[in-house]
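> Sequence plus the predicted model coming up.
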Amino acid sequence: MTFERFFGHDIDFSKAATMWTIHHLILTLFAVLSVLLTIRLSERIKKNTKEVTIKYVFIGVLVFLELAYHVHNWTYPRFSVPLHMCSFAVFMIIALLITDSKKVWNYAFFYGTIGGIMALLIPNSLGYTYYNFRYYHFIILHSIILSIPLYYYVAYGYRVDYKTTMNVFRTSIILGIIVYILNGFLGTNYWFIRYIPDNVSSVFTNWNVYIICFVSLVFITMNTLYFVSNYDKIIKKWTKS
């Protein structure tokens, strides 16, 4: 492996993280491991005297990964600005790590979890192979944005109520409309809403059906996250009634 190949643009979809390949399985395993390790280690990290230092290490890693992503795109050259949902999640998580704000966590929880899970389970690798740093960048970045909100859930006991869940969903719809309009001006496909991405084009052939399914999936996932994260309270409420 050469320096040029590792940091270049050697694209080969046969060796990239595409759907239903060994690389897809690897990404799925990383998603599962990220969740399990975070649950297992969260309370230990919270009690550690170096917790603040650990947070700033993660901030540094996230800043580096976000910058590296855009710089690498610019060298293609490919237009790149931080408008993807996962970029939004990165900024929210950085703010969360600095402030420990529950209000910030409400958004980071959904954006980080949904962005991380969807990216790792439905990968859109652009054809970068395991010979390229983007392959590992993809795994590391999305594992982190999946893990940090979960850390605050376990270690800090942060929870989201249903009103907030719906507020985040409505805000996401508004942001989605703005991003869609910007996509039209920029000729991009941020949030994968301007046109059907290649990794699911064999499933969806009609854009209207794709968007309805996309929005429905986000709504269902957010409700599922709300239920799973509050299952004990919801069950107690149901049993009392």
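Perfect, I can see it now.

> contacts for stretch 33-47?
For stretch 33-47, contacts defined as Cβ atoms under 8 Å, 6 or more residues apart in numbering pick out 51, 54, 116, 143, 146-147, 150-151, 154-156. Bear in mind the C-beta positions are built from the backbone N, C-alpha and C, glycine included.

> now do 6 Å
Here stretch 33-47 makes contact (Cβ atoms under 6 Å, 6 or more residues apart in numbering) with 51, 143, 146-147, 150-151, 154-155.

> What separation is there between residue 198 and residue 19?
10 Å (Cβ to Cβ, to the nearest Å).

> More neighbours: which of those two?
Taking neighbours as other Cβ atoms under 10 Å, residue 198 and residue 19 compare with residue 19 leading, 16 against 13.

> just the helices in the chain please.
Secondary structure of the chain by DSSP state H: the helices cover 3-7, 22-47, 51-74, 85-99, 102-121, 133-155, 162-186, 207-229, 231-240.

> Between helix 133-155 and the third one, find me the angle.
Following axes from the mean of the first three to the mean of the last three Cα atoms, to 10 degrees, one obtains 150 degrees for the angle between helix 51-74 and helix 133-155.

> Show me what helix 51-74 packs onto, helices and strands only.
When contacts are defined as 3 or more Cβ pairs under 6 Å, 6 or more residues apart in numbering; DSSP states H and E, helix 51-74 packs onto helix 85-99.

> can I get the helices of the chain in a markdown table with distance to residue 15?
Below are those laid out as a markdown table (distance: least, Cβ to Cβ, whole Å):
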| stretch | distance to residue 15 |
| --- | --- |
| helix 3-7 | 12 |
| helix 22-47 | 8 |
| helix 51-74 | 18 |
| helix 85-99 | 23 |
| helix 102-121 | 18 |
| helix 133-155 | 9 |
| helix 162-186 | 29 |
| helix 207-229 | 27 |
| helix 231-240 | 41 |
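
> Which of the ones you listed has the lowest mean pLDDT?
Lowest mean pLDDT within those: helix 231-240, a mean of 63.

> okay, now residue 85: neighbour count?
Residues lying near residue 85 (other Cβ under 10 Å) number 24.

> ok, now which ones touch it?
Contacts of residue 85 were listed using Cβ under 6 Å, 6+ apart, and they are 115, 191.

> wait, which of the helices of the chain is closest to residue 192?
Nearest to residue 192, of all the helices of the chain, is helix 207-229, at 7.6 Å by Cβ to Cβ.

> Restrict that closest one to CA atoms and write it as CSV.
The C-alpha coordinates for helix 207-229 follow below in CSV (Å, rounded to 0.1, in the frame of the first residue of the first chain):
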residue,chain,number,x,y,z
TRP,A,207,-38.2,9.5,-6.1
ASN,A,208,-41.6,10.3,-4.5
VAL,A,209,-41.8,6.8,-3.1
TYR,A,210,-38.2,7.0,-1.9
ILE,A,211,-38.8,10.3,0.0
ILE,A,212,-42.0,9.1,1.6
CYS,A,213,-40.2,6.0,2.8
PHE,A,214,-37.2,8.0,3.9
VAL,A,215,-39.2,10.4,6.0
SER,A,216,-41.3,7.6,7.3
LEU,A,217,-38.2,5.6,8.3
VAL,A,218,-36.8,8.7,10.2
PHE,A,219,-40.2,9.1,12.0
ILE,A,220,-40.4,5.4,12.9
THR,A,221,-36.7,5.3,14.0
MET,A,222,-37.1,8.4,16.2
ASN,A,223,-40.2,6.9,17.8
THR,A,224,-38.4,3.6,18.3
LEU,A,225,-35.5,5.4,19.9
TYR,A,226,-37.9,7.3,22.2
PHE,A,227,-39.6,4.0,23.2
VAL,A,228,-36.4,2.0,23.7
SER,A,229,-34.7,4.8,25.7
